[in-house]
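J.: predicted model and sequence below, questions to follow.
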Amino acid sequence: MSIYLAIDLGTTGCRSILFDEKLCQLAASYEEYGLITPREKWTEQDAELWWELTLRTAERAISKAGISAKEIKSISISSQGITVVPVDRDLKPLCNAINWLDVRAEQEAEQIEKDFGRDKIFKLTGKNIEPDYTLPKLLWWKKYEPEIFNGAWKFLMPMDFLIAKFTGNCVTDHSMASGTLMYDLKNLCWSREILDFYGIEEEKLPSLAFGGESAGKVLPKVAKKLGLSEDCVVGVGAQDQKCAAHGVGLRDGVMTISLGTAAAITKLWNEAKTEINTGVGWCGYVKPGAFVTEGTIGTAGTCLRFTRDLMFKDEDYVTIDKEAEEARERGSSVIFIPYMTGSSDEENIVSEEGCFYGVNLASQRGDFALAVMEGVAFQMRVILEKMEAYGNIHTLILLGGGAKSQLWSQIIADATGMQLKVPTVIEAAGAGAARLAAQAVGDDIPPLETAGVYNPSERTAAYEKKYGKYKQIVAKLWGKE
């Protein structure tokens, strides 16, 4: 039996998962770590914890599986993106990592816009200019802590840091690089124009490779620590949403929706059309000749959790689904706009706010829960339309915690008018990393199989009408067409 170790390094926790050659999960171990918030708009992390928790969770997963660690053929990583840490030649962090949630570099983002303009940066990188991306963070260090900027041997994102600790080689993939504002999307390389303009040496950045390429063998000291064979290979991984998409087999005609705290909607392209498709951001993907667009709803699952905490105290999601289903049977007219932290579109206007509309004296708490599920589904449709999904996409694959709800899954199918599938493993980022680990040693693992299918029902016509009302409300509140 071939065994692969997937490391899923998220924003607040690390999970190690062992998979076999059929992508069956053998064992897993998870441990949380905290965010450091020294002041407003600052969010940091201790990068050393990424490595410590990787080792601890890997050891526990191996123990749980009851296998010899020497049976593990290869390792790969699914990682949070954008976060960055400066390290010295011994891979020791020079300070805390600046997390992707950190927006301290607002002035630096504004300067990038003055220097290059939003249109040029989007055409070059596929991204709008925002302070959470990596380049503004580097410019912040350069301005306020030049000893760190100048003293850094490498600037590494979380996946890059783990690869370096495993192998001694500093490598990132094209999906991770896409979140930096320093990546030339069409030429698949670091942008010489941007780096030269801001005095950033390319040698301080990790080298680029595609997911599934070999980053090297595990270092002897690491192999000894975990009991691995010294022939164990580390495969280049990818950013977590791209790993999840790869885990379920993102392909032509099929898009993925990750419905967790936020929602990420991913579509595959064979060409980066950043000049004409500007509605959502672009990223590199895990193989040559492949790109993805990714639309997001910043508060998707968060909206339902907000409703639970406000109206369903001490209740579980089964109760929420039951009462939401009852509201649907009653023909609830309440509509929810999920702009809880600003709009969920390319404009990213933080002043735009969430809204419940159509509330009356007969409204019950189930109406609010249903409205949240429907509002998120309607906003998914808005994004699907911007991503030119209609006419060339026939299936959506739903991932994440939201996929546990049969009701929400059916609502999304009805509201979008598309077939929806749920895979056997809804937290698919680890499965994607396992596929990339296998690829690094020449093995080919098929994507996750389907556990459930939801086809648009007889309610689709009613949802078409309600979606029209949703768009009217958004236009009335915020002047959008």
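T.: Ah, there it is. Every value quoted in this text rests on a predicted model; they were computed, and no experiment measured them.
J.: alpha carbons only for contacts and neighbour counts from here, please
T.: Fine.
J.: what's the neighbour count on the closest residue to Leu55 other than its chain neighbours?
T.: Using Cα to Cα, 6 or more residues apart in numbering and skipping residues adjacent in sequence, the residue nearest Leu55 is Leu226, 7.4 Å away. Taking other Cα atoms under 10 Å as the neighbour definition, Leu226 ends up with a count of 16.
J.: distance of Leu226 from Leu219?
T.: Noted for Leu226: a distance of 11 Å to Leu219, by Cα to Cα, to the nearest Å.
J.: where does this protein dip in pLDDT?
T.: 341-352, 480-481 (pLDDT under 70).
J.: returning to what we had before: next up, the contacts around the residue nearest to Leu55.
T.: 55, 58-59, 69 (Cα atoms under 8 Å, 6 or more residues apart in numbering).
J.: what's the closest non-adjacent residue to Val218?
T.: Nearest to Val218 is Thr167, by Cα to Cα, 6+ apart, at 4.9 Å.
J.: rebuild the contacts of Leu226 as JSON lines, extending it with distance to Tyr317 and secondary structure.
T.: Listed next are the contacts of Leu226 as JSON lines, based on distance: Cα to Cα, whole Å; DSSP: H, G, I helix; E, B strand; the rest coil:
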{"residue": "Leu55", "distance to Tyr317": "34", "secondary structure": "helix"}
{"residue": "Ala58", "distance to Tyr317": "31", "secondary structure": "helix"}
{"residue": "Glu59", "distance to Tyr317": "33", "secondary structure": "helix"}
{"residue": "Ala69", "distance to Tyr317": "38", "secondary structure": "helix"}
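J.: show me which of those are buried.
T.: Neighbour-count burial (16 or more other Cα atoms under 10 Å) applied to these gives 55, 58-59, 69.
J.: now, which of these sits nearest Tyr30?
T.: Ala58 (9.1 Å; Cα to Cα).
J.: just give the closest residue to that closest one, not the sequence neighbours.
T.: Ser16 (5.2 Å).
J.: from Val248, how far off is Gly289?
T.: 19 Å.
J.: same check on Pro338?
T.: Pro338 is 27 Å from Val248, by Cα to Cα.
J.: likewise Phe210?
T.: Counting by Cα to Cα, the gap from Phe210 to Val248 is 18 Å.
J.: neighbour count winner among those two?
T.: Val248 (28 against 23).
J.: list the contacts for the more buried one?
T.: 397, 423, 428, 432, 447-449.
J.: widest-spaced pair of those residues?
T.: Taking Cα to Cα, the two most distant members of the contacts of Val248 are Ile397 and Gly432; they sit 14.1 Å apart.
J.: the two - which one has more neighbours?
T.: Gly432 (33 against 26).
J.: where does the closest residue to the more buried one other than its chain neighbours sit: helix, strand or coil?
T.: Setting aside the residues directly before and after it, Gly432 is nearest to Gly247 in space (Cα to Cα, 6+ apart), at 3.6 Å. Using DSSP: H, G, I helix; E, B strand; the rest coil, the structure places Gly247 in helix.
J.: going forward, the N-terminal residue is numbered 56.
T.: All right, first residue 56 from here; so that's Gly302.
J.: residue contacts, Gly302?
T.: 483-488, 490, 502-503.
J.: what's stretch 367-383 in contact with?
T.: Outside stretch 367-383, the residues touching it (Cα under 8 Å, 6+ apart) are 363, 419-425, 460, 462.
J.: of the residues you listed, buried ones?
T.: 363, 419-425, 462.
J.: ok so, going back, redo the contacts of Gly302 as TSV? Include distance to Lys198.
T.: Output for the contacts of Gly302, formatted as TSV (distance: Cα to Cα, whole Å):
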residue	distance to Lys198
Ala483	39
Ala484	36
Gly485	37
Ala486	40
Gly487	38
Ala488	36
Arg490	41
Pro502	45
Leu503	46
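J.: make TSV out of those and add distance to Tyr188 and secondary structure.
T.: Shown next, in TSV, are the contacts of Gly302 (distance: Cα to Cα, whole Å; three-state DSSP):
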residue	distance to Tyr188	secondary structure
Ala483	24	coil
Ala484	21	helix
Gly485	24	helix
Ala486	26	helix
Gly487	24	helix
Ala488	23	helix
Arg490	27	helix
Pro502	30	coil
Leu503	31	coil
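J.: out of these, who's the most crowded?
T.: Ala488 (36 neighbours).
J.: and that residue, what is it in contact with?
T.: So Ala488 contacts 61-63, 131-133, 292-293, 298, 302 (Cα under 8 Å, 6+ apart).
J.: apply 10 Å and report the result again.
T.: Counting by Cα atoms under 10 Å, 6 or more residues apart in numbering, Ala488 touches 59-63, 72, 74, 130-134, 266-267, 290-295, 297-299, 301-302, 494.
J.: next one: Ile249
T.: 167, 170-171, 176, 179, 190, 236-239, 255.
J.: looking at the residues you listed, which are in strands?
T.: 238-239 (DSSP state E).
J.: got a ChimeraX select line for the buried ones in the contacts of Ile249?
T.: Restricted to buried positions by 16+ other Cα under 10 Å, the ChimeraX selection for the contacts of Ile249 reads:
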select :167,176,179,190,236,237,238,239,255
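J.: could I get the contacts of Ile249 as JSON lines with distance to Glu103?
T.: Output for those, formatted as JSON lines (distance: Cα to Cα, whole Å):
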{"residue": "Ile167", "distance to Glu103": "31"}
{"residue": "Asp170", "distance to Glu103": "35"}
{"residue": "Phe171", "distance to Glu103": "35"}
{"residue": "Ile176", "distance to Glu103": "33"}
{"residue": "Leu179", "distance to Glu103": "33"}
{"residue": "Leu190", "distance to Glu103": "22"}
{"residue": "Leu236", "distance to Glu103": "25"}
{"residue": "Met237", "distance to Glu103": "25"}
{"residue": "Tyr238", "distance to Glu103": "26"}
{"residue": "Asp239", "distance to Glu103": "30"}
{"residue": "Ile255", "distance to Glu103": "24"}
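J.: which of the contacts of Ile249 sits closest to His229?
T.: Using Cα to Cα, the contacts of Ile249 come closest to His229 at Tyr238, 8.4 Å.
J.: once you drop chain neighbours, what's closest to the closest one?
T.: Trp245 (4.5 Å).
J.: ok, the one you found touching Asp239?
T.: Yes. Taking contacts as Cα atoms under 10 Å, Trp245 lies within contact range of Asp239: 5.6 Å.
J.: overlap in contacts, those two.
T.: Counting by Cα under 10 Å, 6+ apart, the residues touching both Trp245 and Asp239 are 180, 229, 232-233.
J.: closest to Met212 out of these?
T.: Nearest to Met212 among the shared contacts of Trp245 and Asp239 is Ala232, at 8.9 Å by Cα to Cα.
J.: next, work out how far apart the closest one and Gln135 are.
T.: 12 Å.
J.: burial of the nearest residue to Pro478 once chain neighbours are set aside, as a residue count?
T.: Spatial nearest neighbour of Pro478, excluding adjacent residues (Cα to Cα, 6+ apart): Thr505 at 4.2 Å. Using other Cα under 10 Å, Thr505 has 13 neighbouring residues.
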